[in-house]
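Asker: the following block contains a protein sequence and its predicted model.
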Amino acid sequence: MKAALLPTNFAALGLAAVVATVQAQTLGAPFAADYTVTNLGSVPGLPSNYGGLTFLDNNTLLIGGAANTASGSLYTIDVIRDAQQHITGFSGSTTRFGTSIGEYNDGGVTFGPGGVLFTSRWPVNGLGQTLPGSVDEDKVIDLGPLGVAGSHAALGFVPAGFGGTGLVKLVSWAGGQWYSGSILADGGGTFDLVGLAQVDLDESSPGVQVVPGGPEGFVYIGGANAGFGVNSMLVSEYSANQVGAYELDNDGDPLVATRRTFLSGLTGAEGAVIDPLTGDFLFSTFGGGSRVVRVSGFIAPPPAIPEPSTYALMALGLGAIAYASRRRRA
């Protein structure tokens with residue numbers, strides 16, 4: 001299990017320690033004038049340490065608790081929004097999501113085509129899938145035989161408007177190995193991984209380049225956002241205690257030579273998700289007080305966005321299957 005980066009008696013250190021941690025967070029110079037960081041605190045009733053997170057609907061977070069353990073699980077929590085729709089806190093306490101969904105949960109918790117929930121499993125190097133309405137994971141893929149280095153930590157689908165739309169991306173912690181592939185319906189509502197291969201993230205350098213900093217959750221950022229200029233990615237870098245910003249290639253993979261520090265002074269950056277109403281970047285922490293942090297200043301998505309169950313199945317499935325990479329693979 002990844003070690004929590006603060007002592008287990010963190011709570012006893014008091015509010016002053018939490019405030020000091022928040023104050024230590026610093027936006028990188030290209031982003032400081034346009035973005036603000038807000039500590040949303042711990043999620044009531046959610047067991048430490050936190051795993052990945054996503055939105056079940058516009059006002060409900062789905063987030064991992066007791067991450068990286070056999071007793072890990074996913075939980076839901078309602079959010080509180082201000083007049084501008086930014087999340088300011090949490091309402092009530094968590095509710096367990098299903099009965100056995102989220103064992104060994106890590107930085108990757110995201111919905112895919114058909115409303116299937118995909119969950120990264122660390123350190124057992126697996127990828128879980130849960131059908132809508134199920135109380136347990138319906139399928140777990142053992143990633144070792146597919147060539148994924150131990151252990152897989154996070155995943156995401158390339159959204160519309162980015163090169164490689166519909167491809168699935170996986171990353172391992174702590175080595176930072178990055179993988180790209182497609183998904184193919186298996187006839188039971190879940191999916192197989194096809195064409196999965198490690199990607200060299202800087203072909204101009206010797207060897208196979210990986211994502212630095214002990215990567216976990218990641219999100220895609222449109223180039224129109226201030227300080228970015230081109231389509232990019234933010235990566236929660238657990239081991240480096242930072243969030244890194246990367247430009248993307250035509251396949252939706254991060255170019256490690258373009259890395260800039262988006263946010264530093266963190267402890268245990270873990271999950272990553274974009275708020276569907278405001279475009280805010282939210283991430284969870286494994287350790288570091290086990291909390292959720294919001295970064296505001298991003299462009300809000302279009303008013304009408306699809307819920308997870310209505311994502312473009314054809315784009316993510318059939319379109320991805322037809323994909324043929326022109327990049328050198330490891």
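Answerer: It's in.

Asker: now name the helix or strand holding the nearest residue in space to Ile87 that is not next to it in sequence.
Answerer: Excluding the flanking residues, the one nearest Ile87 by C-beta to C-beta, 6 or more residues apart in numbering is Val79, at 4.7 Å. All C-beta spots, glycine's among them, are computed from the backbone N, C-alpha and C. Assigned by DSSP states H and E, Val79 falls within strand 73-81.

Asker: how much does the very next helix or strand once past that strand deviate in direction from strand 73-81?
Answerer: Toward the C-terminus, strand 73-81 is succeeded by strand 87-96 as the next helix or strand (DSSP H and E). Orientation note: strand 87-96 sits at an angle of 150 degrees relative to strand 73-81 (axes from the mean of the first three to the mean of the last three C-alpha atoms, to 10 degrees).

Asker: mind checking how far the residue nearest to Ile87 is from Glu103?
Answerer: When distance is defined by C-beta to C-beta, to the nearest Å, Val79 is 25 Å away from Glu103.

Asker: do the same with Pro302
Answerer: 35 Å.

Asker: of those two, who's got more company?
Answerer: Taking other C-beta atoms under 10 Å, Pro302 and Glu103 do not tie; Glu103 has more neighbours (22 against 6).

Asker: all helices for this protein, in order.
Answerer: Using DSSP state H, the helices of the chain run over 15-23, 313-316, 318-321.

Asker: partners of the spatially closest residue to Gly126 that is not a sequence neighbour in the sheet?
Answerer: Among residues not flanking Gly126 along the chain, Val140 sits closest, at 5.0 Å (C-beta to C-beta, 6+ apart). Beta-bridge pairing of Val140 under DSSP bridges involves Gly128.

Asker: ok, now which ones touch Val140?
Answerer: Shown in contact with Val140 (C-beta atoms under 8 Å, 6 or more residues apart in numbering): 121, 126-129.

Asker: one step back: what comes into contact with the strand holding Val79?
Answerer: Counting by C-beta under 8 Å, 6+ apart, strand 73-81 makes contact with 43-47, 51, 56, 59-66, 87-98, 100-103, 105, 109, 119, 277, all of which sit outside it.

Asker: follow-up on the earlier one: separation between the residue nearest to Ile87 and His86?
Answerer: Shown here: Val79 relative to His86, a distance of 10 Å by C-beta to C-beta.

Asker: what do you get for Leu184?
Answerer: Distance of Leu184 to His86, given as C-beta to C-beta: 39 Å.

Asker: now do the contacts for Asn125.
Answerer: Contact analysis of Asn125 by C-beta under 8 Å, 6+ apart lists 142-144, 148, 150-152.

Asker: what is the nearest of those to Gln198?
Answerer: When the contacts of Asn125 are compared for distance to Gln198 (C-beta to C-beta), Val148 wins out at 8.2 Å.

Asker: this completes my enquiry, with thanks.
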